[in-house]
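Colleague: Structure for the following, please:
(chains A and B)
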There are 2 protein chains.
Amino acid sequence: MSPHPSKLAYVPFVSVEHMMGLVHHIGVETVLKDLAAEIEADFRRWPLFDKTPRVASHSDVGVIELMPTSDGETYGFKYVNGHPGNPVAGLQTVTAFGLLADVASGYPRLLSEMTLLTALRTAATSAMAARHLAPKGARCMAMIGNGAQSEFQCLAFKAVCGIDTVRLYDIDASATARCARNLADSGLSVVTCRSEMEAIEGAQIITTCTADKQYATILTDNMVGAGVHINAIGGDCPGKTELHRDILLRSSIFVEYPPQTRIEGEIQQLDPDHPVTELWQVITGAARGRSDDRQITLFDSVGFAVEDFSALRYIARAITGTPYFTRLDMIADPDDPRDLFGMFQRARP
Amino acid sequence: MSPHPSKLAYVPFVSVEHMMGLVHHIGVETVLKDLAAEIEADFRRWPLFDKTPRVASHSDVGVIELMPTSDGETYGFKYVNGHPGNPVAGLQTVTAFGLLADVASGYPRLLSEMTLLTALRTAATSAMAARHLAPKGARCMAMIGNGAQSEFQCLAFKAVCGIDTVRLYDIDASATARCARNLADSGLSVVTCRSEMEAIEGAQIITTCTADKQYATILTDNMVGAGVHINAIGGDCPGKTELHRDILLRSSIFVEYPPQTRIEGEIQQLDPDHPVTELWQVITGAARGRSDDRQITLFDSVGFAVEDFSALRYIARAITGTPYFTRLDMIADPDDPRDLFGMFQRARP
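Modeller: Modelled structure (predicted):
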């Protein structure tokens, strides 16, 4: 009997530095395309997933959530916080990490940072949805709200949907300037705008991603013309929305998981039985997506555990054979499973 | 603006090796005493805790659970699996890790292995409960079931309750021999026994900790005499119990958290309104513990998130100034919180 723990004790860990290195190694647009494909593939088998509601611990200043899911073979969960006051203290509004485990043994198989990965998977999910819902040939996107998520959204729509122009607006002009600077070498035509109205001029896709407000009205009804696709990211928890209710009433609404979106999404403003379409059904062909040129389509996105699961599985595969992970001695696994104490005793200095 | 992430990006991590080193450094009996005191202190403020039910993902072969709680200032959760078939494959039945975070910011503050720590906190909780419930002057404990948890139980009862003799029995004689060998230098008188009946002879405390069976009867009614304290550890999930129902009917039953214990504990065999006493109320003096010499007291323990919280907080303090942790670059935290993409871009090789 060896005094050393088995290899099973070690869990591959992807740090923030390794995640950044891996994404640069593969190429950020390739990663966004790969993630969109991975997420779409998991949406195709949507009914198979264990869709446990997220488990939230609320306080006066924010929320800490655990988001678990499983496909019966692999289990995954994400830890994520949301603290709108954090930036004032120099902290991220949202941070996250995640884990994959084997359902058969319960042993963890991957631990990964997910602050960056969440930004990537959220952008990939938006672009994947737009590929099914946006008007054909859309080339121009308005990006309203130029915070931590904005550049990822712009790049995902370029890589996945073929957008070539983005029109940026944020209530904070320095955020718009920063976003434009960060996208300078992206190959996108970047137009900085001074109002929401200016931003949406000529855009076939409108993405809203503002984070700090309670019930806010980023878009009013008269601003939204026929035929556009709206990708609403920022209305994502109870008491937090971005769109005027009248826009919702004119739109065909697509959501990830209705029981969660009715509580957290834009549609919390509507009657609980207002018709919505589940995105996975559009992807499998069970429901219609965009059916005519004048239709306003709205993806009311709040983020769902399956998207994190897809992203973690992609990362678990992508790190294989690369230097972009370490191994953590995280799981005590003595050679004799009943001899946990003996393992401890033999470790005495 | 520095290109480096802030110190907040780094989360202290206690590996299995570091946990073993730390416990040896402090001394295992001191750790068990400290943990019992820490857990007792948190039981004293029990009503203050957010007692979210554990979130379980079941499969045919086991369960993966997330156990969150919060005291309003600190949030903690444990990931734990339970796979009774794992030992056949050379794996641990139960593995675990845990995390503490600041409620105010949502930022993680500690990541730690918890396979070993769970064994320690479970033993400390048992001994803490027995100090309130066992007959005065108890010196001898029967330890039935000599698996991974058994040595920790024996040491905790020595350190916290003053037990000087343990009588070991397991259906697998090699498990008993191993447990006796591991306890040889502990200062306990160790008696190996060939039946449950022999093990409980002269014992004032009976601890049952068997893991592999479904509804099993480790103790039958005629085996349990007046005045003993029973510490039932092994009946800890739906469909898994250790004691004959008639013993329960003769006992004063003490539990951690009734809504959970009625589903998972020994009392799943009883009517849903069968009277039980919450252990925290005994500790605060709001309810009576042992009231006479002939009473059979039963601690029907299933493990609760508050115990993990106490243990993680203890470890977070104990590692300060020691070499028994590393720092993980787990949380992306750019200097400008809105510039996550800029941080990523500047990391380009």
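
Colleague: so what pLDDT did whatever residue of the stretch 101-250 of chain A ends up closest to chain B get?
Modeller: Using C-beta to the nearest C-beta, residue A:106 is the residue of the stretch 101-250 of chain A that sits closest to chain B, at 2.4 Å. C-beta: built from backbone N, CA, C; applies to glycine. pLDDT for residue A:106: 96.

Colleague: Number of residues surrounding it?
Modeller: When neighbours are counted by other C-beta atoms under 10 Å in any protein chain shown, residue A:106 registers 28.

Colleague: Next, name the residue at the spatial heart of chain A.
Modeller: residue A:122 (2.3 Å; C-alpha atoms, centre = their mean).

Colleague: and the helix or strand hosting that residue, average pLDDT?
Modeller: Secondary structure assignment for residue A:122, by DSSP states H and E: helix A:115-133. Average pLDDT, helix A:115-133: 97.

Colleague: Would you mind putting the CA coordinates of that helix into CSV?
Modeller: Taking C-alpha atoms only, helix A:115-133 is exported to CSV below (Å, rounded to 0.1, in the frame of the first residue of the first chain):
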residue,chain,number,x,y,z
THR,A,115,-15.7,35.2,-14.3
LEU,A,116,-14.1,35.4,-17.8
LEU,A,117,-15.8,32.1,-18.9
THR,A,118,-19.3,33.5,-18.0
ALA,A,119,-18.7,36.6,-20.1
LEU,A,120,-17.7,34.3,-23.0
ARG,A,121,-20.6,31.9,-22.6
THR,A,122,-23.1,34.7,-22.2
ALA,A,123,-21.9,36.3,-25.4
ALA,A,124,-21.8,33.0,-27.2
THR,A,125,-25.4,32.2,-26.1
SER,A,126,-26.6,35.6,-27.3
ALA,A,127,-25.1,35.1,-30.7
MET,A,128,-26.3,31.6,-31.0
ALA,A,129,-29.9,32.7,-30.3
ALA,A,130,-29.5,35.6,-32.8
ARG,A,131,-28.4,33.2,-35.5
HIS,A,132,-31.9,31.6,-35.1
LEU,A,133,-33.9,34.8,-34.6
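
Colleague: near chain B, anything from the helix or strand just after that helix?
Modeller: Sequence-wise, the next helix or strand downstream of helix A:115-133 (DSSP H and E) is strand A:140-144. No. Residues of strand A:140-144 are not located near chain B by C-beta under 8 Å from any C-beta of the partner chain, the shortest gap being 12.3 Å.

Colleague: before we move on, what about stretch A:206-217?
Modeller: No. Stretch A:206-217 is not in contact with chain B by C-beta under 8 Å from any C-beta; minimum separation 9.2 Å.

Colleague: what does that stretch rub up against?
Modeller: Stretch A:206-217 has contacts (C-beta atoms under 8 Å, 6 or more residues apart in numbering or on different chains) with A:84, A:87, A:93, A:126, A:141-145, A:147, A:149-150, A:153, A:157, A:170-171, A:200, A:218-219, A:224, A:228-235, A:239-244.

Colleague: again, 7 Å this time
Modeller: A:84, A:93, A:126, A:141-145, A:147, A:149-150, A:153, A:200, A:218-219, A:228, A:230-234, A:239-242, A:244 (C-beta atoms under 7 Å, 6 or more residues apart in numbering or on different chains).

Colleague: now, which of those lie within strands?
Modeller: A:141, A:142, A:143, A:144, A:230, A:231, A:232 (DSSP state E).

Colleague: out of the residues you listed, which are buried?
Modeller: A:141, A:142, A:143, A:144, A:230, A:231, A:232 (16 or more other C-beta atoms under 10 Å in any protein chain shown).

Colleague: Just confirm residue A:169 contacts residue A:191, I think it does.
Modeller: No. Between residue A:169 and residue A:191 there is no contact, the gap being 9.5 Å when judged by C-beta atoms under 7 Å.

Colleague: The two: which is more packed in?
Modeller: Shown here are residue A:169 and residue A:191; by other C-beta under 10 Å, residue A:169 has more neighbours (24 against 19).

Colleague: So what does the more buried one look like in phi/psi?
Modeller: phi -150, psi 140 (degrees, to the nearest 10).

Colleague: again, but for residue A:336
Modeller: Torsion angles, degrees, to the nearest 10, at residue A:336: phi -100, psi 110.

Colleague: Quickly note the distance from it to residue B:118.
Modeller: 18 Å (C-beta to C-beta, to the nearest Å).

Colleague: The two: which is more packed in?
Modeller: residue B:118 (25 against 15).

Colleague: Quick one: low-confidence residue ranges for the stretch 151-300 of chain A.
Modeller: A:212-213, A:215 (pLDDT under 70).

Colleague: hmm, try it at 80
Modeller: Where the stretch 151-300 of chain A drops to pLDDT under 80, the residues are A:211-216, A:235-237.

Colleague: what about the strands in the stretch 1-150 of chain A?
Modeller: Using DSSP state E, counting those that start in this stretch, the strands found in the stretch 1-150 of chain A span residues A:10-14, A:55-58, A:63-70, A:74-82, A:96-102, A:108-113, A:140-144.

Colleague: who in the stretch 101-250 of chain A is up against chain B?
Modeller: A:101, A:103-107, A:113, A:115-116, A:119, A:147-148, A:151-152, A:175, A:178, A:182 (C-beta under 7 Å from any C-beta of the partner chain).

Colleague: Mind checking which of these are in helices?
Modeller: A:115, A:116, A:119, A:151, A:152, A:175, A:178, A:182 (DSSP state H).
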